[in-house]
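Peer 1: below are the sequence and a predicted model; questions follow.
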Amino acid sequence: MIDLGIKRHILKSLSARGFDIDVFPAHSRSPRLRRQSGCSIPLQWSGRSREGREGHSAVKHFAGVVPIFGICLGHQIISLALGAQTFKLKFGHHGGNQPVKDLEKKIVYITSQNQHFAVVPGSVEDTDLKITQINANDGTVEGIMSDRLNILAVQYHPEAHPGPLCTRDPFFGSVERVMNGKNPNPGRR
């Protein structure tokens with residue numbers, strides 16, 4: 001994993017699912033990473049612009065080569081790297097009570113969020129990404145994926161589980177399927 005400010009609880013959540021985790025600094029280059037079997041690139045909020053640029057470069061370089069998943073700012077970095085756009089929210093999404101609708105399952109999760117920007121929904125259409133989740137309050141993009149590029153990302157913090165673990169298992173279960181080379185959403189093309 002490339003460390004762009006990853007939270008320790010994300011590593012714990014993956015480790016609990018049986019993953020062996022190697023963490024590389026943000027400036028790691030592809031030859032070192034390519035030697036790792038089962039390498040993935042998790043992107044998560046860091047707040048530092050250098051790591052954001054490194055993450056953008058990593059997504060462009062590794063998209064379709066190794067699995068990539070993102071949380072919060074990582075969701076935005078992946079979207080921007082693949083051609084989507086972002087915009088500043090008037091008030092932002094903050095707190096542990098943000099409702100997110102899963103478009104396939106037709107259920108709403110209560111999520112923990114802390115961000116000021118969101119992905120422009122219409123800008124996703126010309127990318128390899130597909131919108132999987134939206135904010136139930138304002139319709140902003142909360143989840144994206146690409147089967148072809150083996151990418152999965154959410155705007156919220158699934159590891160924070162403000163409710164009864166309602167987002168942790170769906171997200172990290174999908175990460176587990178992506179890492180094992182399986183489609184995270186069977187029946188979806």
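Peer 2: Okay, I see it. Note that the structure is a prediction, hence the values are computed from the model and not measured.
Peer 1: strands along this structure, start to end?
Peer 2: In the chain, the segments counted as strands under DSSP state E are 2-3, 24-25, 41-43, 68-71, 86-102, 107-119, 130-135, 141-146, 151-154.
Peer 1: so which elements touch the first one?
Peer 2: If I follow you right, that is strand 2-3. Using 3 or more Cβ pairs under 8 Å, 6 or more residues apart in numbering; DSSP states H and E, the elements in contact with strand 2-3 are strand 24-25, strand 41-43, helix 49-62. C-beta: built from backbone N, CA, C; applies to glycine.
Peer 1: partner strands of it and their direction?
Peer 2: Strand 2-3 has its sheet partners listed here by DSSP bridges as strand 24-25 (parallel).
Peer 1: lowest average pLDDT across the strands of the chain?
Peer 2: For those, the bottom mean pLDDT is recorded on strand 41-43, which sits at a mean of 55.
Peer 1: which of the helices and strands packed on strand 2-3 has the lowest average pLDDT?
Peer 2: strand 41-43 (a mean of 55).
Peer 1: how far does stretch 119-133 stretch from start to finish?
Peer 2: Chord length of stretch 119-133, first to last residue, is 12 Å (Cα to Cα, to the nearest Å).
Peer 1: coming back round to it: so for His56, which of the strands of the chain sits nearest?
Peer 2: strand 41-43 (9.2 Å; Cβ to Cβ).
Peer 1: what are the buried residues along stretch 8-15?
Peer 2: For stretch 8-15, the neighbour count (16 or more other Cβ atoms under 10 Å) marks 10-11, 13-14 as buried.
Peer 1: so which of these are in helices?
Peer 2: Among the buried residues of stretch 8-15, the ones falling in helices (DSSP state H) are 10-11, 13-14.
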